[in-house]
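Q: Output the structure for:
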Amino acid sequence: MLAFCDYIAFRTQKFFGEITKQGDTYLKDVSKVEYDLSETGSFVSTKKTMIVTDHSGKKYRLTVEEV
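A: I've put the predicted structure just below:
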């Protein structure tokens, strides 16, 4: 069965990226989407993560993962 983790993660990253560029007063930055990779670079799981930073510098990890 097809999993949409990539799609959901990249749409989420794009959304947060757009609102931070528009000068959102609560959010300051969003990182790129990071993959769950082994030391050799192969996929370990479908998990994708990104970090969102608020206006005071506190960081939040957002995770998209197939359940």
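
Q: Could I get the full set of helices for the protein?
A: 5-21 (DSSP state H).

Q: Tell me where it has strands.
A: Secondary structure of the chain, counting by DSSP state E: strands at 27-30, 34-37, 43-54, 59-64.

Q: Surely residue 30 is in contact with residue 17?
A: Yes: the pair residue 30 / residue 17 is scored as a contact, 5.2 Å apart, by C-beta atoms under 8 Å. All C-beta spots, glycine's among them, are computed from the backbone N, C-alpha and C.

Q: ok, the two, which is more surrounded?
A: Legend: neighbour count by other C-beta atoms under 10 Å for residue 30 and residue 17, higher for residue 30 (22 against 17).

Q: and that one, what are its bridge partners?
A: Applying DSSP bridges to residue 30 gives these bridge partners: residue 52.

Q: residues contacting the closest residue to residue 63 other than its chain neighbours?
A: Counting by C-beta to C-beta, 6 or more residues apart in numbering, the nearest residue to residue 63 once its immediate chain neighbours are dropped is residue 49, at 5.0 Å. By C-beta atoms under 8 Å, 6 or more residues apart in numbering, residue 49 lies in contact with 33-34, 36, 61-64.
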